[in-house]
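**Q** Model the following, please.
(chains A and B)
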Amino acid sequence: MYPQNFKFTKDHEWARVEGDLAVIGISDFAQKHLGDVVYVDLPAVGTHLAVHQTIGTIESVKAVSEVFSPVSGEVVETNAGLADAPETINQDPHGNGWILKLKMANKGDLDALMATPDYEKYLEGLEH
Amino acid sequence: MIREPLIFEISAPGKTAFTLPKLDVPSNAGVLDGLAVRPDIPDFPQVSEVEVVRHFTRLSQQNYCVDLGLYPLGSCTMKYNPKVNDKIVTFPGFAETHPLAPAETVQGNFEVLHRMERMLCEITGFDAFTLQPSAGAQGELVGIMLVRAYHEAKGIPRKYVLIPDSAHGTNPSSAHLSGYEVREIKSNASGRIDLAALEQAMTEEVAALMVTNPNTLGVFESDICKIADIVHGKGGLLYMDGANMNALAGIARPGDFGVDVLHLNLHKTFATPHGGGGPGSGPVGVKKILEPFLPVPVVKKKGAEYALDFDRPRSIGRVRSFYGNFLVIVKAMAYILSLGPKGVREIAEIAVLNANYIRKGLEGVYDLQYGTASMHEVVFSDKIQKDAYGVTNLDIAKRLIDYGFHPPTMSFPLIVHGALMIEPTETESRRDLDQFIEAMKTIAREAAENAAVLKAAPHQTYVRRLDETAAARNPIVTWERDKV
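**A** Okay, here's the model as predicted:
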């Protein structure tokens, strides 16, 4: 059920490579645990992010959670649709619920992330 | 049940609550024209006196308050506020003094502030206190501003503040507002700070560690002295969120176990009103090294006279108009004086006993992710009910309302999924605790036998379950005629 060409973090963000860009979002597991998303706080285009730096916050009915960048780079686009329809993250976390696109500073960052089978195994190991 | 209309909807043109006697002196009408008088306030409600009284009385009856029953909202708990505290603040010497009154006319008020500072120092083990912050969150901010001022005075403000994942959500905000970057420290399997993780994260770029003790799992950080050594070893300061001081009062003093700066929430430990029933008060205690930076003014005693001291060149400045929420401080002082030293210790003893009584009563019925000994609060989860019957913590909380209790804190701390965070405090009797335990057990039975009842709860309230997601996504917070 998790797309095969994605890379995942332990904090449940994903990255998908599009040429020089990395598209970033949160996993289906993450959206389920957050519950209904009501607001997404996005960084400005042009922001430079380091690995694991806070991208922004996702507010659900339960909690406000930080989203961390899986890779380093410069924000080139954010998902404008999330402002009016934050529920897209719940409905389609791996597709239309993407959060932002980064121009990657170091493609080597991807090597530290989990491939899909490893992430699925990681989820099985989590208690909940 | 009939829905209580909004006061705007009761309005009818020409109705008034009270008619002033006819003017029997020359009229000054028109003197403010064009300055401050609004000719018309659209949709200003026009209602009779009895309509106003009934409207607000009905609303108050639909509300739930700590005078009605248990309010076990862990970490934000409301406890019963003895009425004597409310009585004392109505004394004219307190209630009718003006914050701009000359110092010689309000010596008694200054004495209250000065003595309260000394009492809080004694209870917590610090050298000095400021009573100015308006609430716990502002206390936190002031505390971290003091940390920043300390490091700046040494040359560099440093870059990071470390915060455990079991901390209150306001901690990262306070650090961020003070210009620090936050780094999270993971908890270990017992729900405490992982010392190895702390040791690794603690560098000379770290300004402070913000620790809540006992933490939001209700677990005492038993390695707190080692934690303090690790932080101090790199020149950092140890900040303690003292929201949970009600678990320690009269037993352990943060100033003695290595904490440099702490804020208190007077409402929880010292029985003052809380939240919307406030205003709040979040005093900050510090060790000698931070005293020069305390906000101005400071109450000083010179001979037999008290005065406000503004001459403090290293101070972080003013954080609040006048001197804090004075009457809240008076209420807390009344609580401390009515209890005495032995009674203050009993706050903690009974708060911890009550939390453990609930824990024992519900162990096995609800899942306990962290088995570590509980202090003032206990964090269950919905795991048993969710896995077997699809019943979530939200359903359990809503059903509790039907049984006459305020729900506990939900889904916090984040490290317990589906959390139900219960804090009874010392003010609850065994009878009340038994009733609460019984209600929680009944709900667990209902989950197994008739989950649909829980899914649709509450059933006994003026309004049934609200669509919280729609309310958060599309809040309508103002009334406009013909728009609702």
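**Q** Need the three-state assignment for the most centrally placed residue in chain A.
**A** Within chain A, the residue whose C-alpha comes closest to the C-alpha centroid is residue A:25; the distance, by C-alpha atoms, centre = their mean, is 2.4 Å. Per DSSP: H, G, I helix; E, B strand; the rest coil, the local secondary structure of residue A:25 is strand.
**Q** what pairs with the host helix or strand of residue B:241, and is each one parallel or antiparallel?
**A** Taking DSSP states H and E as the definition, residue B:241 sits inside strand B:237-242. Paired with strand B:237-242 in the same sheet, following DSSP bridges, are strand B:206-212 (parallel), strand B:261-264 (parallel).
**Q** Give the other helices and strands that the longest helix seen in chain A contacts.
**A** When chain A is parsed with DSSP state H, its longest helix is helix A:116-125. When contacts are defined as 3 or more C-beta pairs under 8 Å, 6 or more residues apart in numbering or on different chains; DSSP states H and E, helix A:116-125 sits against strand A:7-8. For every residue, glycine as well, the C-beta is placed using N, CA and C.
**Q** Now for the closest residue to residue A:72 other than its chain neighbours: which residues touch it?
**A** The spatial neighbour of residue A:72 that comes closest, neighbours along the chain excluded (C-beta to C-beta, 6 or more residues apart in numbering or on different chains), is residue A:105 at 4.4 Å. Contacts for residue A:105 (C-beta atoms under 8 Å, 6 or more residues apart in numbering or on different chains) come out as A:48, A:71-74.
**Q** Narrow those residues to those that are buried.
**A** In terms of neighbour count (16 or more other C-beta atoms under 10 Å in any protein chain shown), the buried residues within the contacts of residue A:105 are A:71-73.
**Q** give me the number of residues near residue B:284?
**A** Applying other C-beta atoms under 10 Å in any protein chain shown, we find 32 other residues in the vicinity of residue B:284.
**Q** And for residue B:145?
**A** Neighbouring residues of residue B:145 were enumerated by other C-beta under 10 Å; the total is 20.
**Q** So the nearest residue to it once chain neighbours are set aside, which state does it fall into?
**A** The shortest distance from residue B:145 to any non-neighbouring residue, by C-beta to C-beta, 6+ apart, is to residue B:316 (4.9 Å). Three-state secondary structure (criterion: three-state DSSP) places residue B:316 in coil.
**Q** Residue B:316 contacts residue B:295, doesn't it?
**A** Yes. Checked against C-beta atoms under 8 Å, the pair residue B:316 and residue B:295 is within contact range at 5.8 Å.
**Q** any residues in contact with both of those two?
**A** residue B:142.
**Q** so where's chain A shaky on pLDDT?
**A** Along chain A, segments meeting pLDDT under 70 span A:127-128.
**Q** And the helices in it?
**A** Using DSSP H, the helices found in chain A span residues A:28-34, A:81-84, A:88-91, A:116-125.
**Q** Let me have those helices in JSON lines, extended by mean neighbour count.
**A** Rendered in JSON lines, the data for the helices of chain A read as follows (neighbours: other C-beta atoms under 10 Å in any protein chain shown):
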{"stretch": "helix A:28-34", "mean neighbour count": "19"}
{"stretch": "helix A:81-84", "mean neighbour count": "14"}
{"stretch": "helix A:88-91", "mean neighbour count": "18"}
{"stretch": "helix A:116-125", "mean neighbour count": "13"}
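**Q** could you redo the ones you listed as CSV and give each row distance to residue B:148?
**A** As requested, these are exported to CSV (distance: least, C-beta to C-beta, whole Å):
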stretch, distance to residue B:148
helix A:28-34, 33
helix A:81-84, 34
helix A:88-91, 36
helix A:116-125, 38
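**Q** related to what we said a few turns ago, now for the strands paired with strand B:237-242, which one comes closest to residue B:26?
**A** Within those, the stretch nearest residue B:26 is strand B:261-264; the backing value is 55.7 Å (C-beta to C-beta).
**Q** gap between residue B:169 and residue A:63?
**A** Taking C-beta to C-beta, to the nearest Å as the criterion, residue B:169 is separated from residue A:63 by 8 Å.
**Q** Identify the contacts common to these two.
**A** The contact sets of residue B:169 and residue A:63 overlap at residue B:412 (C-beta under 8 Å, 6+ apart).
**Q** can you give me the strands for the chain?
**A** Picked chain A for this. In chain A, strands defined by DSSP state E lie at A:7-8, A:13-18, A:21-26, A:37-41, A:48-49, A:54-60, A:64-68, A:73-78, A:100-104, A:114-115, listed in chain order.
**Q** could you do chain B instead?
**A** In chain B, the strands defined using DSSP E lie at B:128-130, B:160-164, B:181-185, B:206-212, B:237-242, B:261-264, B:284-286, B:298-302, B:305-309, B:378-381, B:409-410, B:419-422.
**Q** want to throw those into a markdown table with mean pLDDT?
**A** Putting these into a markdown table (pLDDT from 0 to 100) gives the following:
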| stretch | mean pLDDT |
| --- | --- |
| strand B:128-130 | 98 |
| strand B:160-164 | 97 |
| strand B:181-185 | 92 |
| strand B:206-212 | 98 |
| strand B:237-242 | 97 |
| strand B:261-264 | 97 |
| strand B:284-286 | 98 |
| strand B:298-302 | 93 |
| strand B:305-309 | 95 |
| strand B:378-381 | 97 |
| strand B:409-410 | 93 |
| strand B:419-422 | 96 |
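**Q** and the longest helix of chain A with strand A:13-18, angle?
**A** Orientation of helix A:116-125 against strand A:13-18 (axes from the mean of the first three to the mean of the last three C-alpha atoms, to 10 degrees) gives an angle of 170 degrees.
**Q** who's in contact with helix A:116-125?
**A** Applying C-beta under 8 Å, 6+ apart, the contact partners of helix A:116-125 are A:2-6, A:8, A:10, A:27, A:29, A:114.
**Q** mind redoing it with 6 Å?
**A** Taking contacts as C-beta atoms under 6 Å, 6 or more residues apart in numbering or on different chains, the residues outside helix A:116-125 that touch it are A:2, A:4, A:6, A:8, A:29.
**Q** just to revisit the earlier point, give the contact list for the residue nearest to the residue nearest to the centre of chain A when sequence neighbours are not counted.
**A** Nearest residue to residue A:25 in three dimensions, chain neighbours excluded: residue A:98, at 4.5 Å (C-beta to C-beta, 6+ apart). For residue A:98, the contacting residues are A:23, A:25, A:79, taking C-beta under 6 Å, 6+ apart as the criterion.
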